[in-house]
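Participant: Sequence plus the predicted model coming up.
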Amino acid sequence: MVCPWCAIGQTRFEKALAAYDGPVTVRLHPFRLDPDAPVPGEPAAERYRRKFGDDAGAMLERVTAAAAAEGLTFRFDRALTANTFDAHRAIGFAARNGNERALERALFAAYFSDGLDIGDRDVLADAAASVGEDRAAVRAYLDSDAGVADLSAALDEAAGLGITAVPTFVFNERFAVPGAVDVATFSKIFEQMRAVPDAAG
């Protein structure tokens, strides 16, 4: 939810998917880029500066330009680094109604464009409501311990598969494509999957 290349990669993936006419099933898997991020969030630019030093400014300019090329607006001047554990729980809740990908996009916008703290449960409930979920139900879910064990197990599964960085796209549970590859590469992969027996996505 706070990985810029995940937002860019997801956008490129969706563009390739929109141009593909075969059957595809998409499943989102959680990964916590910064498990030690604070609650409440803090200015992302400051956290980047502490982590990357003098290179942070140029790095953020490059990724902002890459995002703009995909039609995305990144505002690191107001982005708030957030602990994403509850954000992933909210996505798990939305998956019950098939709204997880819409909520993922909404949370990318909340973080990268709108300067909202996506570690805040009210922000998460509002975002979920914006994609068709019941706000009160989402907030009650987040205030309980529902989904905590499932999320922890899913995070452990990713670690067990050796996934240490994101974005990572796994096709047919057979091979992984790391990084925000371009639309043409995604399209080529979809065509290759078409030729694989029982390819489902």
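Facilitator: Cool, the structure landed.

Participant: now the helices for the protein?
Facilitator: 4-18, 44-52, 56-69, 85-95, 100-112, 121-130, 135-143, 148-160, 183-194 (DSSP state H).

Participant: Out of the ones you listed, which is closest to Pro167?
Facilitator: Pro167 lies closest, by Cβ to Cβ, to one member of the helices of the chain: helix 4-18, at 3.9 Å. Every C-beta, even on glycine, is put in place using the N, C-alpha and C of the backbone.

Participant: show me where pLDDT drops low in this protein?
Facilitator: The chain contains residues with pLDDT under 70 at 197-201.

Participant: about what we covered before: could the helices of the chain go into CSV alongside distance to Leu28 and mean neighbour count?
Facilitator: Listed next are these as CSV, based on distance: least, Cβ to Cβ, whole Å; neighbours: other Cβ atoms under 10 Å:
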stretch, distance to Leu28, mean neighbour count
helix 4-18, 9, 19
helix 44-52, 22, 15
helix 56-69, 20, 15
helix 85-95, 6, 23
helix 100-112, 5, 22
helix 121-130, 14, 21
helix 135-143, 17, 16
helix 148-160, 10, 13
helix 183-194, 16, 16
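
Participant: For Val24, which of these is the nearest?
Facilitator: Minimum separation from Val24 across the helices of the chain (Cβ to Cβ) falls at helix 4-18, 6.3 Å.

Participant: Please name the residues that touch Gly133.
Facilitator: Just so we're on the same page, residue 133 is Glu rather than Gly. Contacts for Glu133 (Cβ atoms under 8 Å, 6 or more residues apart in numbering) come out as 93-94, 97, 99, 103.

Participant: Now find how far off-centre stretch 116-134 is within its chain.
Facilitator: Distance, stretch centre to chain centre, for stretch 116-134: 15 Å (Cα atoms, centre = their mean, to the nearest Å).
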